[in-house]
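Participant: what follows is a predicted protein model with its sequence.
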Amino acid sequence: MTLTLLDIYNYTTGQSWSMFDTGVSADDEFESSVLSSIQKALVEIWCSFNFPFRLKTATISAMKDQISYESPSGTIVEDRGIKLSGGDYLTRLDDYKSISDLETNTGTPTNYYLKGDYLCLYPVPDTNYDIMVDYNTLIVGVSGNWEELYTLEKATDTLDITPKYERLFLNALATKAMAYAIASKTDENYTGYEDQYKGAYDKLIDSVRGISTSRTVGW
């Protein structure tokens, strides 16, 4: 099973008590309120926990005399998350501003520090190295042309998730999206959707707990 936005939309609008048309076949039939609710719920759930399907590894090609490199699109795993390819793990420098030779000492990198959206190495590389970086991605899916996406917008956009978690994730996503679509907490169906969401989300978390226990919440 591969979840497209069209699948997610029709599953969401097909929930009990739904007041929206379901069984649409193209994104020009999407109701904007439902689409925005799905997008909001997707980002909230995706970033609420460091699910194993969010964990990716990027390779940074470190070059001689270059200190900083653009970080991957997500939250870097700081506990044994960065290492030299075929070598040792790098240790984070929290007090890097106090190091006098931060930009002049060269050698094999043993440490790193984060500066804005950049990953910086210390010592400064004395030759070329491959740096392996584990991170929890913010990218939720891909387009029909395999473009990485931070939200789903087109009917053919696909959620980037391990198949065995798709149904559990979909159940949580659909019920949360319906709660957002209703918006009013005084609506008679709002509490029902919220209760269903909490149950579905708990089942999703239970299914992955123990895999991600050392990689806790990361927005």
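Facilitator: It's in.
Participant: show the pLDDT at the residue sitting nearest the centre point of the chain.
Facilitator: The centre of the chain sits closest to residue 138, judged by C-alpha atoms, centre = their mean, with a distance of 3.2 Å. On the pLDDT scale, residue 138 is placed at 96.
Participant: doesn't residue 151 make contact with it?
Facilitator: No. Assessed by C-beta atoms under 8 Å, residue 138 is found out of contact with residue 151, at 10.1 Å. (Glycine included, C-beta is placed from N, CA and C.)
Participant: returning to what we had before: bridge partners for the closest residue to the residue nearest to the centre of the chain other than its chain neighbours, pull those for me.
Facilitator: Distances taken as C-beta to C-beta, 6 or more residues apart in numbering place residue 74 nearest to residue 138, at 4.9 Å, with adjacent residues excluded. Residues in a beta bridge with residue 74, per DSSP bridges, are residue 137.
Participant: which residues touch residue 74?
Facilitator: By C-beta atoms under 8 Å, 6 or more residues apart in numbering, the contact set of residue 74 is 54, 56, 135, 136, 137, 138, 139, 218.
Participant: and with 10 Å instead?
Facilitator: 47, 50, 54-56, 58, 133-139, 218 (C-beta atoms under 10 Å, 6 or more residues apart in numbering).
Participant: again, but for residue 207
Facilitator: 51, 52, 164, 165, 167, 168, 169.
Participant: mind checking the SS state of it?
Facilitator: helix (DSSP: H, G, I helix; E, B strand; the rest coil).
Participant: phi first, then psi, for the residue lying closest to residue 18 once chain neighbours are set aside.
Facilitator: If the residues on either side of it in the chain are set aside, residue 18 comes closest to residue 178, at 6.6 Å by C-beta to C-beta, 6+ apart. Note on residue 178: backbone dihedrals following degrees, to the nearest 10 are phi -70, psi -40.
Participant: how near is residue 178 to residue 160?
Facilitator: Plainly put, residue 178 is 23 Å away from residue 160 if you go by C-beta to C-beta, to the nearest Å.
Participant: those two: which is more packed in?
Facilitator: More crowded of residue 178 and residue 160, by other C-beta atoms under 10 Å: residue 178, with 28 against 18.
Participant: what's the pLDDT at the more buried one?
Facilitator: pLDDT, read off for residue 178, is 95.
Participant: ok, residue 37 next?
Facilitator: On pLDDT, residue 37 comes in at 97.
Participant: what sits against it?
Facilitator: 12, 20, 31, 176, 177, 178, 179, 180, 181, 182, 183.
Participant: where in this protein is pLDDT low?
Facilitator: The chain contains residues with pLDDT under 70 at 1, 210-219.
Participant: mutual contacts of residue 138 and residue 151, please.
Facilitator: With C-beta under 10 Å, 6+ apart, residue 138 and residue 151 have common neighbours 43, 46.
Participant: is the residue nearest to residue 148 when sequence neighbours are not counted within a helix or a strand, and which one?
Facilitator: In this structure, residue 148 finds its nearest non-sequential neighbour in residue 139, 4.7 Å apart by C-beta to C-beta, 6+ apart. Residue 139 belongs to no helix or strand when assigned by DSSP states H and E.
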